[in-house]
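Visitor: with the sequence up front, the predicted model follows.
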Amino acid sequence: MTTDIVKDCTEISALASKAALGFFRKQIGVEFKSDDSPVTHADKSVEALVRAEIARRHPDHGILGEEHGQERTDHPDLWVVDPIDGTRSFISGHPLFGFLLAYLHDGAPQVGVIAMPALDETYVGASGQGATLNGAPIRVSSQAMLDHAIIYINEGDKIFADHPDLFAVLMRTGKTRRLSYDCYPHALLASGHVDVVLDYDLKPYDFLALRPVIEAAGGCLTDWQGNIPRADYEGAIVASATPELHDQMLTLLRGARR
């Protein structure tokens, strides 16, 4: 079953990536939601395409998408779609937007895809099958020491606004660090280039596809308290290359937020 799902995820992601590129760096209308996040015709069109393809292949499965809501989400087989992860990048012509697709069974992510359409990179992770980049195996780094780690901090402006003391600590943590956004830092972690990614203010469709990729590549992903985030979770996550590194990050997060 999982092998067939991996094939479906890969093929659906290819369709979504091609569709997203058809809108990229073109004149498209931009709207803003109630939370001030942007949405475009591209977001809605790509998700509609993906939902139709999932329904064609698995008509009884549930679907949860960022733009078009939920269908049959009480079904044990659930697909979660983020059609354009990084709409702010997309509308400004920046190529680091992604497409996220997750397949869950009984609430647990089994397969995840992080596709980067403008980079022609597709990261796939499946429980018990490992992780790949464009079909080639990938693995997280072996870094176990926080002082030597490469750290990416997503949504740093929001972390600074809400937790300035924690932000100050993070700016002194690791060997080197970068401020970043969206899904690509997590793909870089899965492929061994980054050791830790902090992320903040996420919805389920922002992180559910990340976990199978990172875990299949050998890494760890939890919320900031060390709990496994499920489909009903919203908030902050941390991903690390090794359990030792992850424990150090959780200790830092707990101490800095007291």
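Guide: Okay, I see it.

Visitor: tell me how far the residue nearest to Thr242 when sequence neighbours are not counted lies from Ala126.
Guide: Spatial nearest neighbour of Thr242, chain neighbours left out: Ala144 (4.9 Å); criterion: Cβ to Cβ, 6 or more residues apart in numbering. (Each C-beta comes from the backbone N, C-alpha and C, glycine too.) Distance, Ala144 to Ala126, by Cβ to Cβ, to the nearest Å: 25 Å.

Visitor: which one's more surrounded, these two?
Guide: Using other Cβ atoms under 10 Å as the criterion, Ala144 and Ala126 rank with Ala126 on top: 23 against 17.

Visitor: what's the neighbour count on Asp77?
Guide: By other Cβ under 10 Å, the residues close to Asp77 number 17.

Visitor: thinking it is in contact with Pro59, fair?
Guide: No - distance between Asp77 and Pro59: 11.1 Å, which falls outside the contact criterion (Cβ atoms under 8 Å).

Visitor: checking the residue nearest to Thr242 next. Helix, strand or coil?
Guide: Ala144 carries the three-state label coil when classified by DSSP: H, G, I helix; E, B strand; the rest coil.

Visitor: please list all residues in contact with Gly62.
Guide: Gln70, Glu71, Arg72, Thr73, Asp74, His75, Asp77, Leu78, Trp79 (Cβ atoms under 8 Å, 6 or more residues apart in numbering).

Visitor: now do the contacts for Leu221.
Guide: The contact partners of Leu221, by Cβ under 8 Å, 6+ apart, come to Phe207, Leu210, Arg211, Ile214, Glu215, Pro229, Ile237, Val238, Ala239, Ser240.

Visitor: doesn't it belong to a strand?
Guide: Yes - the assignment for Leu221 (three-state DSSP) places it in a strand.

Visitor: bridging residues for it?
Guide: On the basis of DSSP bridges, Leu221 is bridged to Ala239.

Visitor: tell me the buried residues in the helix or strand encompassing Val50?
Guide: Val50 belongs to helix 41-57 when assigned by DSSP states H and E. Applying a neighbour-count criterion of 16 or more other Cβ atoms under 10 Å, one finds Ala42, Asp43, Lys44, Ser45, Val46, Glu47, Leu49, Val50, Arg51, Glu53, Ile54 buried in helix 41-57.
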